[in-house]
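# quick one: sequence plus predicted model below, questions after.
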Amino acid sequence: MYAKIQRFLFGWIPISIGDIFYIVLIIIVVYKASIFFKLLFKRKFNRNILSLLCNRAFSFSVSFYVTFNLLWGLNYNRRGIAYQLNLEVRKYTTNDLDTLTTVLLERVNNYAASL
């Protein structure tokens, strides 16, 4: 449901919205760092500015974290496909993989021959 809403809102844009957010984020961080260093070199840096800076940095970090999780990070919290399809997850060996590869290769060759 959430992915459908995002596709409707941003699907018409030919580039990734996340990349745009990252570029804007980098620009903001560089701008704020330049202001910080200007104050530091002009010796106009005091405890009030430090507390304000820490407060804003914390607020920005929390806002970024929440926004990231809402827009993209929720994918990490989903249950896996094995859970959704009620599949049994079990260990496998190299021989099992070789057998699977052989069977799949034979099937692909049979379908290719029929085409």
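Yes, it's here.
# C-alpha only now, for contacts and for neighbours.
Will do.
# and the next helix or strand past the helix or strand where Q6 lies?
According to DSSP states H and E, Q6 maps onto helix 2-10. Next helix or strand after helix 2-10 toward the C-terminus (DSSP H and E): helix 17-41.
# least confident secondary structure element in the protein?
None of the helices or strands of the chain scores lower by mean pLDDT, DSSP states H and E than helix 2-10, at a mean of 78.
# roughly how far is it from the heart of the chain?
16 Å (CA atoms, centre = their mean, to the nearest Å).
# ok, and what's touching that helix?
By CA atoms under 8 Å, 6 or more residues apart in numbering, the residues outside helix 2-10 that reach it are I17.
# buried residues in it, which are they?
The neighbour-count check on helix 2-10 (16 or more other CA atoms under 10 Å) flags nothing as buried.
# kindly calculate the angle that it makes with helix 17-41.
Relative orientation of helix 2-10 and helix 17-41, computed by axes from the mean of the first three to the mean of the last three CA atoms, to 10 degrees: 80 degrees.
# burial measure for D19, as a count.
D19 is flanked by 10 other residues according to other CA atoms under 10 Å.
# the one 3 residues further on too?
The number of residues packed near Y22 is 11, by other CA under 10 Å.
# now do it, the pLDDT please.
With respect to pLDDT, Y22 scores 83.
# ok, it to F68 distance?
10 Å (CA to CA, to the nearest Å).
# now swap in I49 and tell me
28 Å.
# and if you look at V24?
Separation of V24 from F68 (CA to CA): 14 Å.
# same thing with W12?
21 Å.
# and what of F8?
From F8 over to F68 the distance is 19 Å, taken as CA to CA.
# just S114 next, same as before
According to CA to CA, S114 and F68 sit 48 Å apart.
# right, I'll call it a day here.
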